[in-house]
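Trainee: Sequence isn't available, so here's the structure alone:
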């Protein structure tokens, strides 16, 4: 299984933040507190735009 870290742009304020692709908790924007990612039991549901893949590792 490959684990990736994604650079996500907030759709509300445009701030970018790094999030795990398979997060187990709700991730909120550090600037405006809008939801960036929600856990689904597998890959997270991303609520912003994925700008870049920062890292990919074989787990």
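Mentor: Arrived safely. Everything quoted here is computed from the prediction, not taken from an experiment. Numbers count the residues shown, from 1 in each chain.
Trainee: The most centrally placed residue in the chain pairs with what?
Mentor: Residue closest to the mean C-alpha point of the chain, counted by C-alpha atoms, centre = their mean, is residue 19 at 3.6 Å. Under the criterion DSSP bridges, residue 19 forms beta bridges with residue 6.
Trainee: do the same with residue 37
Mentor: In this structure, residue 37 bridges to residue 27, residue 46 when assessed by DSSP bridges.
Trainee: okay, now it: neighbour count?
Mentor: 23 (other C-beta atoms under 10 Å). The C-beta positions use only the backbone N, C-alpha and C, and glycine is treated the same way.
Trainee: circling back: what sits against the residue nearest to the centre of the chain?
Mentor: Neighbouring residues of residue 19 by C-beta atoms under 8 Å, 6 or more residues apart in numbering: 5-6, 8, 27, 36-37, 44, 46.
Trainee: which of the residues you listed are buried?
Mentor: Using 16 or more other C-beta atoms under 10 Å as the burial test, the contacts of residue 19 include 6, 8, 27, 36-37, 44, 46 as buried.
Trainee: mind giving me a markdown table with these and columns for pLDDT and distance to residue 15?
Mentor: Converted to a markdown table, the buried ones among the contacts of residue 19 look like this (pLDDT from 0 to 100; distance: C-beta to C-beta, whole Å):
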| residue | pLDDT | distance to residue 15 |
| --- | --- | --- |
| 6 | 95 | 14 |
| 8 | 97 | 9 |
| 27 | 96 | 12 |
| 36 | 96 | 9 |
| 37 | 96 | 14 |
| 44 | 94 | 18 |
| 46 | 96 | 15 |
